[in-house]
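# output the structure for:
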Amino acid sequence: MPREIVFFLLIVSAVANATSQKASPTIIDLTDTIRVGMVEDSIGDAAMKAFGIDEVSMSPEMTFQKTTGRSTRICLSSQIGTHMDAGAHADPDGWPVNEAPLDHLIVPGVVVDVRAKTDEEGITPADLEKYDIRPGDAVLFLFTYAKPKPGAMFTQSFLTEEAAEWLAKHGVRCVGSNTPGLEDHKRGAREHWMDPANQKQAWPVHKILLRRHIPIIEGLTNLDKLVGKKFQFIGLPLKIEGIDGAPVRALAVLD
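Numbers count the residues shown, from 1 in each chain. Sure, this is the predicted structure:
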């Protein structure tokens, strides 16, 4: 065999080996596990009662005792765990989850670490300007958060309306958080946002974002592992017709 052909084959073999040995991307799972007890663990019994949200339940359908396969009936709220809020969550005429803009849900991500804020302090535009937030980003908030004690609400920092307007003006595609919500729920209690008579003033941050088709993904996990890192965010909801939100499998693929 001519020496040139041997040399060429050695190069091809070396390139093929290098390609096959290329490291797999680092993937961080940002999704809470759906389980019985998840609702009380995350929002507590007081919020369950206030919002009318039931605990996750699971029951057998097909079983190996009766057939050769297994299936399980799962009952859970569309607004619990790692989930996406669609426009229909805060607006009677809002867009449903099956119309979620997919090009907003596979995008570069930025974690905004605001754990230094207390549950009395809202996030402002000045907090956001410290970060390299660009048009097309998913902005994921790592809020301070304390799980609820029996009979009490959970506590967390929150977005102000001014911060939500800043995010929309800067062209972000998606907003997420490690908490059950984005809003100042203490203000919500004072202003009786759960009263249908107060529909227009309730959930102002949600309305600012969702009316611009900026999906909100709440209940994310492991955001602390992404602080200061570049990554691709993926957060795709179940495609369920006509409803206000759905569970999401959320991932971060590190650059």
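# what about the nearest residue to residue 76 once chain neighbours are set aside, distance to residue 222?
Nearest residue to residue 76, sequence neighbours excluded (Cβ to Cβ, 6 or more residues apart in numbering): residue 56, at 4.6 Å. Where you see a C-beta, it was placed from the backbone N, CA and C, and this is true even at glycine. Distance of residue 56 to residue 222, given as Cβ to Cβ, to the nearest Å: 21 Å.
# pLDDT weak spots in this protein?
Applying pLDDT under 70 to the chain picks out residues 1-22.
# all strands in it, in order from the N-terminus.
Along the chain, counting by DSSP state E, strands occupy 27-29, 57-60, 72-75, 83-85, 106-114, 122-123, 138-143, 145-146, 155-156, 158-159, 174-177, 216-218, 231-237, 245-254.
# now for the third one, which elements pack on it?
The contact analysis (3 or more Cβ pairs under 8 Å, 6 or more residues apart in numbering; DSSP states H and E) places strand 72-75 against strand 57-60.
# and the strand it packs on, which strands flank it?
Note on strand 57-60: by DSSP bridges, its sheet partners are strand 72-75 (antiparallel).
# now do the contacts for the residue most central in space within the chain.
For the chain, the residue sitting closest to the mean C-alpha position, by Cα atoms, centre = their mean, is residue 217 at 2.7 Å. Listed by Cβ atoms under 8 Å, 6 or more residues apart in numbering, the contact set of residue 217 reads 82-85, 140, 174-177, 235, 248, 250.
# okay if I get the strands of the chain as TSV plus distance to residue 202?
Output for these, formatted as TSV (distance: least, Cβ to Cβ, whole Å):
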stretch	distance to residue 202
strand 27-29	33
strand 57-60	28
strand 72-75	26
strand 83-85	13
strand 106-114	23
strand 122-123	17
strand 138-143	20
strand 145-146	22
strand 155-156	18
strand 158-159	14
strand 174-177	18
strand 216-218	15
strand 231-237	23
strand 245-254	16
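# for the residue nearest to the centre of the chain, name its beta-bridge partners.
Beta-bridge pairing of residue 217 under DSSP bridges involves residue 84, residue 176.
# quick one: which of the contacts of residue 217 is nearest residue 157?
Nearest to residue 157 among the contacts of residue 217 is residue 177, at 9.5 Å by Cβ to Cβ.
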